[in-house]
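>>> structural data only, the sequence is not supplied:
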């Protein structure tokens, strides 16, 4: 299996393998801000969280996803989910995606550090040649967050997906390649040291 499950811990967050034991915290986190009501995202309602955990763990067994829970170090609770997905072991490429956090965790250092930890592992432990990010073309908050990480815009996959509400999603694709990682890493470390 590539990549194998792992945990990483930073100052603000710990990223650990997703477990059914995280169900109650994840229900609380998704209710924080009613995230499922954002029509352009695919975030489950609290009542559907068990099924979402089972779906992600099923993809883990198939080798196409490595799902994680994100723990806020200040309170010790799970406050969101993320994954390595669209895993291409032959070409050492992955996507970091299917990420969401409770509203109170947004616009904090949590996302920056979570992505830093996952990128660092991807490039330095796994030897990835590229890490990809994708989001709905309409999702400006997510696009700005991806760009702030240092990812470069690759283009738009037009009419890429049919959303649950029947609308058609154009997907904005970004990536960071291996040669860019030292600069991106230095910038993320600088961002994480800045006073808030």
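Alright, I've got the coordinates. No experiment lies behind these values; they were computed from the predicted model shown.

>>> please enumerate the strands of the chain.
In the chain, the segments counted as strands under DSSP state E are 8-9, 13-17, 65-72, 77-88, 93-101, 130-136, 152-162, 168-177.

>>> buried ones in the fourth one?
Buried residues in strand 77-88, counting neighbours by 16 or more other C-beta atoms under 10 Å, are found at 77, 78, 79, 80, 81, 82, 83, 84, 85, 87. Using the backbone N, CA and C atoms, a C-beta is placed for each residue, glycine as well.

>>> over to the last one?
Neighbour counts using 16+ other C-beta under 10 Å place 169, 171, 172, 173, 174, 175, 176, 177 of strand 168-177 among the buried residues.

>>> what of stretch 53-60?
The neighbour-count criterion (16+ other C-beta under 10 Å) identifies 53, 56, 59, 60 as the buried residues of stretch 53-60.

>>> got it, and stretch 127-142?
Applying 16+ other C-beta under 10 Å to stretch 127-142 flags 128, 130, 131, 132, 133, 134, 135, 136, 137, 139, 142 as buried.

>>> same question, stretch 11-21
12, 13, 14, 15, 16, 18.

>>> check stretch 55-74 too.
56, 59, 60, 65, 66, 67, 68, 69, 70, 71, 72.

>>> contacts for it?
With contacts defined as C-beta atoms under 8 Å, 6 or more residues apart in numbering, stretch 55-74 is touched by 1, 3, 5, 9-20, 22, 25-26, 77-87, 98, 101, 105, 110, 114, 118.

>>> quick check: mean pLDDT of it?
Averaged across stretch 55-74, pLDDT comes to 97.

>>> ok, now stretch 156-166?
Over the span of stretch 156-166, the pLDDT mean works out to 94.

>>> of all the buried residues of stretch 55-74, which two lie farthest apart?
Put simply, by C-beta to C-beta the two of the buried residues of stretch 55-74 set farthest apart are 59 and 72, 24.8 Å from each other.

>>> I'd like to know how many residues surround residue 111.
Residue crowding around residue 111 was assessed by other C-beta atoms under 10 Å; the count is 23.

>>> so it makes contact with residue 101?
Yes. Residue 111 is in contact with residue 101 according to C-beta atoms under 8 Å; the separation is 6.6 Å.

>>> check contacts around the residue lying closest to residue 91 once chain neighbours are set aside.
Spatial nearest neighbour of residue 91, chain neighbours left out: residue 129 (6.8 Å); criterion: C-beta to C-beta, 6 or more residues apart in numbering. Residue 129 makes contact with 91, 92, 93, 177, 178 under the criterion C-beta under 8 Å, 6+ apart.
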